[in-house]
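*Asks:* only geometry, no sequence info:
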Ligand code: SF4
């Protein structure tokens, strides 16, 4: 697998926000979002076998790992093997994806955290994938402005999403306006600031 980095931090987003976590960041991405904060992961990386990767994971009591990117599903076959291996070792696994590649093959072993790309990103997710979201998965709208909020509202009206739904303001956007939008439009979402940004950790 092509790995960008492996590190320990606090999970900053989603249903496990605040939990100590081992992050495995896979290299490579098929999108180029305007506000991407991990551009370094779009290229490069080092090649590790799954055994080598497992051997360098930090030895910690808590077995919670988040596999992210880049876009981890670009390496879907190996990702499924890795997720199965970690799952057999007792890990709870989250896989973060930009919502452009079918994630069904990894769902037996992991919760999916699917981004829905909004207009300000300059990119688009495949909304047909929302039908594959289960109650243990989640969907995240990364929103920057009112246009993004209105787009997200339209998607929420059109699709019956079974998992948890988050509104996550882009770092440095107008947090209060977005919170007001969620409240005034009574959206069925959880507003969530990126905890790792507030803490200044990776
Ligand atoms: S999908 Fe993620 S890693 Fe890829 S360009 Fe967008 S924000 Fe960056």
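*Replies:* Received, thanks. All of these numbers come straight from a predicted model, not from anything done at the bench.
*Asks:* wait, what's in contact with residue 85?
*Replies:* Applying CB atoms under 8 Å, 6 or more residues apart in numbering, we find residue 85 in contact with 50, 54. Heads up, the C-betas are built off the backbone N, CA and C, glycines and all.
*Asks:* Which of the helices or strands spans it?
*Replies:* Here residue 85 is covered by helix 76-88, with elements defined by DSSP states H and E.
*Asks:* And the strand ranked longest in the chain, what does it pack against?
*Replies:* When the chain is parsed with DSSP state E, its longest strand is strand 2-10. In terms of contacts (3 or more CB pairs under 8 Å, 6 or more residues apart in numbering; DSSP states H and E), strand 2-10 is packed against strand 20-26, strand 46-47, helix 50-56, helix 195-199.
*Asks:* Pick the most buried one from these.
*Replies:* For the helices and strands packed on strand 2-10, the largest average neighbour count (mean count of other CB atoms under 10 Å) is found in strand 20-26, namely a mean of 21.
*Asks:* relative orientation of that strand and helix 76-88 in degrees?
*Replies:* Angle of strand 20-26 versus helix 76-88, following axes from the mean of the first three to the mean of the last three CA atoms, to 10 degrees, is 160 degrees.
*Asks:* now strand 20-26 and strand 2-10, what's the angle there?
*Replies:* 160 degrees.
*Asks:* Any part of strand 20-26 near the ligand?
*Replies:* No: residues of strand 20-26 are not located near the ligand by CB under 6 Å from any ligand atom, the shortest gap being 9.2 Å.
*Asks:* Looking at that strand now, give me its mean pLDDT.
*Replies:* Predicted confidence along strand 20-26 averages 97 (mean pLDDT).
*Asks:* List of residues touching that strand?
*Replies:* With CB under 8 Å, 6+ apart, strand 20-26 has contacts from 1-11, 38, 41, 45, 53, 57-58, 60, 62, 64-72, 74-75, 79, 82, 202.
*Asks:* which of the residues you listed are buried?
*Replies:* Among the contacts of strand 20-26, those classed as buried by 16 or more other CB atoms under 10 Å are 1-5, 11, 41, 45, 53, 57, 65-72, 74-75, 79, 82.
*Asks:* Keep only these that also lie close to the ligand.
*Replies:* Filtering the buried ones among the contacts of strand 20-26 for proximity to the ligand by CB under 6 Å from any ligand atom leaves 41, 69, 70, 71.
*Asks:* How much space separates the spatially most central residue of the chain from residue 124?
*Replies:* With distances taken as CA atoms, centre = their mean, the residue of the chain nearest its centroid is residue 96 (2.9 Å). From residue 96 over to residue 124 the distance is 17 Å, taken as CB to CB, to the nearest Å.
*Asks:* cool, residue 11 as well?
*Replies:* Using CB to CB, residue 11 is found at 26 Å from residue 124.
*Asks:* isn't there a helix covering residue 66?
*Replies:* No: counting by DSSP: H, G, I helix; E, B strand; the rest coil, residue 66 is not part of a helix but strand.
*Asks:* For this protein, list the residues in contact with the ligand, please.
*Replies:* Checking the chain against the ligand by CB under 6 Å from any ligand atom, the hits are 29, 31, 32, 33, 36, 38, 41, 69, 70, 71, 98.
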